[in-house]
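Undergrad: give the three-dimensional model of this entry:
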Amino acid sequence: MNKLVFANLLHRPLRSVISVLAVAIEVVMILSIVAIFMGQLNDQKARVNGIGADIVVTPPNSSFLNGMSGSPMPVAMAAFLGKLPHVTVAAPIITHFQMGNGLSILYGIDYNSYNALKPFNVIAGEPMKGPDDAVVDDVFIRQGKGYQLGDTIKVLDHTFRICEIVESGKGGRTLIPITTMGDLLGTPGRSSLIYLKSDSPENIPVIMSEIRATKGMANYGVQTMEDTLSQYTPARFPGFDLALDVVIWIAVIVGFLVIFQSMYTAVLERTREIGILKSMGASKQTIISVVLRETCVLAVGGVLLGFAGTYGVDVLLHASFPTFPFQLPLAWVGKGALIALVGSICGALYPAWMAARKDPIDALAYE
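TA: All right, here's what the predicted structure looks like:
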């Protein structure tokens with residue numbers, strides 16, 4: 001029977017290749033969107049963690065995602081929080097989503113306090129001194145736009161001079177003075193959130209309790225950095241689950257229809273063959289098994305080709321965008337394969353059932 005399965009597939013090579021490609025495309029679609037999203041999410045999570053803060057103070061009802069809460073907090077609040085016992089640094093920042101060649105988060109910072117959370121690893125240049133100075137990281141420089149220290153860049157339709165290049169991993173890739181950013185966004189004297197540094201990890205709960213007990217601060221968000229980072233999951237990202245479900249269903253439908261069409265026509269073409277098998281004593285289960293075995297061979301081939309195609313997407317993205325994060329969780333490799341296999345088998349169920357129901361006498365007389 002196994003020889004018969006492979007002989008049937010090789011008898012119509014073009015149809016078999018198309019079926020394999022359909023399953024492969026299904027796998028590539030699913031795995032690529034997961035890898036792109038998880039790469040972006042984990043990259044942002046790592047850079048937030050690299051800021052070096054212990055506590056994050058956010059406005060009431062704000063999003064956990066940087067850049068989505070506007071600038072509703074007074075910058076002056078940082079001075080007040082910085083005077084609390086056990087607080088060594090209070091750094092106000094503004095975060096703002098911007099679209100260039102891709103989605104990024106622009107940071108407006110007070111250089112001295114932000115640097116005090118965890119010092120920059122400086123590659124070249126000197127700290128911000130003027131309102132039009134900008135700090136960029138090495139990833140920004142490697143993006144292939146030819147920028148160097150001292151060059152000018154356009155941010156929020158304003159011209160800034162690159163005064164310093166630092167190692168990546170500490171917040172945004174582009175950082176400008178918080179006062180300038182507030183003026184450009186129409187929110188002078190405001191911030192998106194405030195990062196705090198404690199004098200000792202043991203005193204973090206004490207600081208948080210004191211902030212919550214302060215008059216007017218009861219509704220503000222006060223979290224440890226660890227708790228903040230724990231929220232960087234796909235389930236908390238707006239629209240990700242919906243987008244992923246849509247892509248999965250489209251991919252499954254494509255794979256289902258191609259496999260259905262392939263096996264349906266294969267059954268019609270092999271009507272006499274099925275009649276011969278049944279006249280020789282083959283049971284309905286045997287006929288169904290042959291059809292499903294062919295489907296499994298096509299599906300497995302498509303899954304393996306899909307894995308190779310996903311790797312090819314990764315290579316292509318890194319060749320075109322060297323700094324683009326593309327991370328595929330191992331669990332999703334198995335999920336993608338399982339989805340493709342189940343979809344393919346479902347597509348073959350009706351053709352298999354149709355083949356098993358054929359009357360051997362009618363099948364033998366089929367022209």
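Undergrad: what sits against Thr159?
TA: Thr159 sits next to 132, 152-153 when contact means C-beta atoms under 8 Å, 6 or more residues apart in numbering. C-betas here are computed from N, CA, C, even on glycine.
Undergrad: all helices of the stretch 101-250 of the chain, in order?
TA: 111-117, 138-142, 178-185, 204-213, 225-230, 240-269 (DSSP state H, counting those that start in this stretch).
Undergrad: hang on, the earlier thing: closest to Val297 out of the contacts of Thr159?
TA: For these, the closest approach to Val297 (C-beta to C-beta) belongs to Ile153, at 54.4 Å.
Undergrad: quick one: low-confidence parts of this protein?
TA: 1-11, 62-71, 99-103, 144, 236-238, 268-282, 358-367 (pLDDT under 70).
Undergrad: where along it do the strands fall?
TA: Assigned by DSSP state E, the chain shows strands spanning 55-58, 73-74, 87-99, 103-109, 122-125, 133-137, 152-155, 158-166, 174-177, 190-191, 193-198, 221-224.
Undergrad: between those strands, which one is nearest to Val27?
TA: Closest among those, using C-beta to C-beta: strand 103-109, at 25.6 Å.
Undergrad: name every strand pairing with the closest one and say which way it goes.
TA: Partner strands and pairing direction for strand 103-109 (DSSP bridges) are strand 87-99 (antiparallel), strand 174-177 (parallel).
Undergrad: out of those, deepest packed?
TA: Counting by mean count of other C-beta atoms under 10 Å, strand 174-177 has the highest mean neighbour count of the strands paired with strand 103-109, with a mean of 24.
Undergrad: CA-only coordinates of that one in CSV, if you can.
TA: Taking C-alpha atoms only, strand 174-177 is exported to CSV below (Å, rounded to 0.1, in the frame of the first residue of the first chain):
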residue,chain,number,x,y,z
THR,A,174,16.3,57.8,19.2
LEU,A,175,16.2,60.0,22.3
ILE,A,176,15.7,63.8,22.4
PRO,A,177,15.3,66.3,25.2
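Undergrad: quick one: contacts of it?
TA: Under C-beta under 8 Å, 6+ apart, the answer for strand 174-177 is 104, 106-111, 114, 128, 131, 133-136, 140, 153, 155, 160.
Undergrad: filter those residues down to the buried ones, PyMOL style.
TA: Remark: buried members of these, expressed as a PyMOL selection using 16 or more other C-beta atoms under 10 Å:
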select buried, resi 104+106+107+108+109+110+111+114+128+133+134+135+136+140+153+155+160
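Undergrad: OK, contacts around the closest residue to Ala22 other than its chain neighbours?
TA: Distances taken as C-beta to C-beta, 6 or more residues apart in numbering place Val258 nearest to Ala22, at 3.6 Å, with adjacent residues excluded. Contacts were defined as C-beta under 8 Å, 6+ apart; by that measure Val258 touches 18-19, 22-23, 347.
Undergrad: picking that back up, out of the contacts of Thr159, who's nearest Ser230?
TA: Comparing those against Ser230 with C-beta to C-beta picks out Ile153 as the nearest, at 34.0 Å.
Undergrad: quick check: the nearest residue to Pro60 once chain neighbours are set aside vs Arg212, distance?
TA: With sequence-adjacent residues excluded and distances taken as C-beta to C-beta, 6+ apart, Pro60 is closest to Asn219, at 4.0 Å. Distance of Asn219 to Arg212, given as C-beta to C-beta, to the nearest Å: 10 Å.
Undergrad: okay, those two: which has more neighbours?
TA: Arg212 (12 against 9; other C-beta atoms under 10 Å).
Undergrad: I figured that one hits Gly221, correct?
TA: No. Using C-beta atoms under 8 Å, Arg212 makes no contact with Gly221, being 10.1 Å away.
Undergrad: quick check: the gap between the residue nearest to Ala22 and Ala340.
TA: From Val258 to Ala340 the distance is 11 Å (C-beta to C-beta).
Undergrad: need the residues touching each of the two.
TA: Val23.
Undergrad: can I see the domain layout of this structure?
TA: With domains defined by automatic domain parsing, the chain comprises 2-42+239-364, 60-219.
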